[in-house]
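Asks: Take a look and give me a structure for this.
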Amino acid sequence: MFIGREHELEQISYHLKDRSKAQLIVVYGRRRVGKSTLIAQACKREKRVLFFEGLQGERTKVQIDQFLDDLSRQTGRVRLNASNWREVFQGLGELIESGRWVLVFDEFPWMGAGRTKIVSALKLHWDRWAKNPNICLFLCGSVASFMTRHVIHSKALHNRKTLEMCLSPLTPKESALFLAKRGLWEKAQLYMTLGGVPKHLEQINPRVSLAKNLNRMCFSANGFFVEEYETLFKEQFKSIKVYEKVVKELAHSHHGISSLSRKLNVKKGGGFNEQIGNLVRAQFVREYTPVKINGHTRRKTKLFKLVDPFLIFYFRYIHKNVDLISRNTRNEDLFKAIAGPSLQQYYGYAFERLCEDSIDLILEKIGLSLTDIEQMGPYFQQGKRGEGLQIDWLVIRRDNVWSPIEFKYTNKPVGSSLVHEVEQKISRLRVPKEISVEPVAVSACGVTQAVRDKHFFSQTLELKDLLA
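Replies: Residues are numbered from 1 along each chain as shown. Got it, this is the predicted structure:
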């Protein structure tokens with residue numbers, strides 16, 4: 001089942017149809033996010049597609065042997081004799097010098113055994129292959145540091161890429177389609193625990209409750225998600241020691257770069273900053289800078305948060321209970337025993353992420369397009385006496401209107417206390433006289449009639465607006 005990705009498919013299709021020049025398309029993103037599936041879907045009508053996949057952890061000779069085996073198998077030709085990538089690409093080039101060909105180099109960093117020699121060899125031969133305008137080459141990879149440094153920002157491939165795409169997880173609304181016949185609450189909780197990574201969502205059995213699914217996959221011996229974190233990080237990063245420290249800390253609290261380095265006793269500098277950047281590029285961590293209001297912004301308050309729902313859920317409930325979970329061979333309900341007492345509190349925090357990841361849909365529901373907006377994002381400031389201010393999402397519009405959006409998770413319609421809470425925030429925001437304010441509430445169960453009667457919020461949204 002292929003879900004979502006309409007925009008990405010449209011972009012790739014546009015370049016596949018362009019036969020005025022050869023196409024070099026770079027697709028990167030975290031493991032299991034669906035890069036290979038997207039490319040296969042986009043190329044399903046192509047007749048001559050050659051697919052090659054790198055092997056994790058193998059040396060160059062093994063990678064080359066696998067490539068040559070795959071080339072022979074897919075073309076029916078005698079296996080080439082080549083000892084390095086230049087000879088490999090030379091032989092491949094003789095095959096594709098005319099006619100329509102689509103090449104897919106999947107897990108390109110692994111294919112090169114993590115070395116840049118493959119990039120320089122490819123550059124040399126791509127310039128020759130590109131003389132055939134019917135060639136399309138996909139370079140696909142999960143190792144964000146290699147893909148950004150040696151492919152996307154590569155001097156060797158500079159001005160040769162025709163499309164560059166960082167593939168994100170599915171949106172909450174798209175993720176909900178994996179539980180199409182279940183209720184809204186289960187759909188929301190699915191995203192708040194596992195996120196929008198297609199491979200993760202495919203593990204769900206839609207015929208049973210989410211609670212039973214989570215107990216089977218997260219809290220039972222040999223469950224799919226018990227070892228998934230370690231698998232993800234070993235495949236994504238060469239050394240996971242510092243990365244693990246960062247995500248474990250950010251799972252409990254957000255930090256600025258200085259406070260994070262102090263907390264972890266890691267020297268702040270180029271190496272640490274690059275590691276944080278790799279986590280951001282892999283979309284495990286998000287960098288937040290408050291929106292600019294009244295002509296300035298507080299750059300010192302830049303924060304980093306762990307935003308991957310599965311990792312947050314993992315460190316909250318699974319990581320410290322792995323030994324106990326490994327003994328659960330009779331499918332006892334450890335999910336209820338371990339997570340049950342604090343699950344509603346967890347969902348309250350996770351609902352903010354669900355709303356952030358649905359922000360495009362929220363803007364559409366309240367009648368705003370990108371052309372209406374100057375800037376937007378979370379707004380936070382630290383008060384001198386502990387009276388800080390945090391607005392979940394602040395939209396600065398071009399028509400002299402500010403729209404603060406409040407996210408609220410409750411298991412029943414929220415009452416008038418929400419009006420008082422948002423009024424207090426707006427009063428501390430110090431809105432200029434020429435600016436109008438149109439607050440918006442996004443509440444899981446909507447608002448009470450008493451709140452609607454106050455006409456305080458310009459609009460209110462609820463869970464069905466985000467997932468139905």
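
Asks: could I have the top helix by length along the chain exported to PDB, CA atoms only?
Replies: Looking across the chain with DSSP state H, the single longest helix is helix 60-75. These are the backbone C-alpha positions of helix 60-75, laid out as PDB (Å, rounded to 0.1, in the frame of the first residue of the first chain):
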ATOM      1  CA  THR A  60      34.700  -1.800  -1.500                       C
ATOM      2  CA  LYS A  61      35.500  -5.100  -3.200                       C
ATOM      3  CA  VAL A  62      32.300  -6.700  -1.900                       C
ATOM      4  CA  GLN A  63      30.300  -3.700  -3.000                       C
ATOM      5  CA  ILE A  64      31.700  -3.800  -6.500                       C
ATOM      6  CA  ASP A  65      31.200  -7.600  -6.800                       C
ATOM      7  CA  GLN A  66      27.500  -7.100  -5.800                       C
ATOM      8  CA  PHE A  67      27.100  -4.300  -8.200                       C
ATOM      9  CA  LEU A  68      28.500  -6.300 -11.100                       C
ATOM     10  CA  ASP A  69      26.300  -9.300 -10.200                       C
ATOM     11  CA  ASP A  70      23.200  -7.100 -10.100                       C
ATOM     12  CA  LEU A  71      24.200  -5.600 -13.500                       C
ATOM     13  CA  SER A  72      24.600  -9.000 -15.100                       C
ATOM     14  CA  ARG A  73      21.400 -10.300 -13.600                       C
ATOM     15  CA  GLN A  74      19.200  -7.400 -14.700                       C
ATOM     16  CA  THR A  75      20.600  -7.000 -18.200                       C
END
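
Asks: what packs against the helix or strand following it?
Replies: From helix 60-75 onward toward the C-terminus, using DSSP states H and E, the following helix or strand is helix 85-95. Packing contacts for helix 85-95, counted by 3 or more CB pairs under 8 Å, 6 or more residues apart in numbering; DSSP states H and E, involve helix 60-75, helix 117-129. All C-beta spots, glycine's among them, are computed from the backbone N, C-alpha and C.

Asks: let's see 6 Å
Replies: The contact analysis (3 or more CB pairs under 6 Å, 6 or more residues apart in numbering; DSSP states H and E) places helix 85-95 against helix 117-129.

Asks: got the contact list for the helix it packs on?
Replies: Helix 117-129 is touched from outside by 85-86, 89, 93, 112, 135, 150, 154, 156-157, with contacts defined as CB atoms under 6 Å, 6 or more residues apart in numbering.

Asks: okay, who's weakest in those residues by pLDDT?
Replies: Of all these, the model is least confident about A156, whose pLDDT is 79.

Asks: Now the phi/psi pair for that residue, please.
Replies: phi -60, psi -40 (degrees, to the nearest 10).

Asks: For the nearest residue to it once chain neighbours are set aside, give me the pLDDT.
Replies: Distances taken as CB to CB, 6 or more residues apart in numbering place K123 nearest to A156, at 3.9 Å, with adjacent residues excluded. We have a pLDDT of 93 for K123.
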